[in-house]
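Chemist: This is a predicted model, with the sequence first.
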Amino acid sequence: MATYLLFGKYSQDALSKISAKRTQGAAALIKKNGGELKTGYALLGDVDVVLVADLPDTPTAMKVSIALTKQLGIAFRTAPAVSVDAFDKLMA
C-alpha cells in the first residue's frame, strides 16, 4: 500500500451537498478499490478538502480520484506521499 493525498476543490453544486453521508460514501468507494481512507481535512484557501488514503498503487489512485470526482462533484488533484522518515532513508 502507498499513501496518497487527494486535494479537492468543491464545485458550486458540491457545496450544497456536504454531509457526513457523502463522506461515508467516499470512504466506501476507496475501500471498494482496495484502499483505506486514513483521514480528511477541510481547508481554507485554494484547496477545500484534503483526503489521506492508502491505496494499492498509482493506477488505482488514478481510478479512485476520477471516481470520487464523478461521485462527489469535487475536482481532485492526487499525489503520492512518502513519510519524512522514509524519504530520509531513501536519500541516505
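Modeler: Everything's here; your move. Numbering: from 1, shown residues only.

Chemist: Every contact and neighbour count from this point should use C-alpha atoms.
Modeler: OK.

Chemist: I'd like the next helix or strand past the helix or strand bottoming out on mean pLDDT in the chain.
Modeler: Of all the helices and strands that make up the chain, helix 12-15 has the lowest average by mean pLDDT, DSSP states H and E, namely a mean of 91. Counting by DSSP states H and E, the next helix or strand C-terminal to helix 12-15 is helix 20-32.

Chemist: Output the contacting helices and strands for the next helix or strand after that next one.
Modeler: Following helix 20-32 in sequence order, the next helix or strand is strand 36-42 (DSSP H and E). If contacts are counted by 3 or more CA pairs under 8 Å, 6 or more residues apart in numbering; DSSP states H and E, strand 36-42 sits against helix 20-32, strand 49-55.

Chemist: now strand 36-42 against helix 20-32, angle please.
Modeler: Relative orientation of strand 36-42 versus helix 20-32 (axes from the mean of the first three to the mean of the last three CA atoms, to 10 degrees): 150 degrees.

Chemist: between strand 36-42 and strand 49-55, how big is the angle?
Modeler: 170 degrees.

Chemist: Looking at the helices and strands packed on strand 36-42, spot the one closest to Thr69.
Modeler: helix 20-32 (9.9 Å; CA to CA).
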